[in-house]
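[1] Curious how this folds, go ahead:
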Amino acid sequence: MKIALLALLGLALGALGGAALGIGAGLAWVEIFKTTSFEGYNGMLVFFTFMPLGAAIGGVGGALLFGLIAIKDAEIAIEREPVRRRER
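    As a prediction, the model looks like this:
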């Protein structure tokens with residue numbers, strides 16, 4: 001259950017971060033390649049192409065990252081067994 005919840009958290013955080021990075025990449029694309037702004041074309045390009053792609057890639061990446069971290073954490077023993085004393 002912990003692994004699934006952390007994967008969902010990673011999905012949400014990754015999607016938010018990816019969308020923000022997608023907007024940044026889209027704005028850079030518009031400036032570098034001098035995309036026309038006729039009838040808001042450059043804004044639609046950024047918000048309907050780059051933002052969803054960034055959100056999808058970030059969501060999948062965040063879910064995988066958080067899921068892997070949760071799986072590795074589940075493998076680590078939380079409680080140690082008491083150390084046995086040597087008999088003399």
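[2] Pull out the buried positions in the helix or strand that contains Ala28.
    According to DSSP states H and E, Ala28 maps onto helix 2-32. Residues of helix 2-32 classed as buried: 6-7, 10-11, 13-15, 17-19, 21-23, 25-26, 30 (neighbour count, 16 or more other Cβ atoms under 10 Å). In short, each C-beta sits where N, CA and C put it, glycine included.
[3] Which one of those is nearest to Ala70?
    Proximity of the buried residues of helix 2-32 to Ala70 (Cβ to Cβ) peaks at Leu6, which lies at 4.1 Å.
[4] Identify the residue nearest the closest one in space, chain neighbours excluded?
    Spatial nearest neighbour of Leu6, excluding adjacent residues (Cβ to Cβ, 6 or more residues apart in numbering): Ala70 at 4.1 Å.
[5] now the angle from the helix or strand harbouring Ile71 to helix 2-32?
    Element membership of Ile71 [criterion: DSSP H and E] is helix 51-75. With axes from the mean of the first three to the mean of the last three Cα atoms, to 10 degrees defining the directions, helix 51-75 sits at 150 degrees from helix 2-32.
[6] ok, the residue nearest to Leu6 touching Ile3?
    Yes - using Cβ atoms under 8 Å, Ala70 is in contact with Ile3, at 4.2 Å.
[7] Identify each buried residue in the worst-scoring helix or strand of the chain on mean pLDDT, please.
    None of the helices or strands of the chain scores lower by mean pLDDT, DSSP states H and E than helix 51-75, at a mean of 91. By neighbour count on 16+ other Cβ under 10 Å, the buried set for helix 51-75 is 51, 54-55, 57-59, 61-63, 66-67, 70.
[8] which helices and strands sit right next to that helix?
    In terms of contacts (3 or more Cβ pairs under 8 Å, 6 or more residues apart in numbering; DSSP states H and E), helix 51-75 is packed against helix 2-32.
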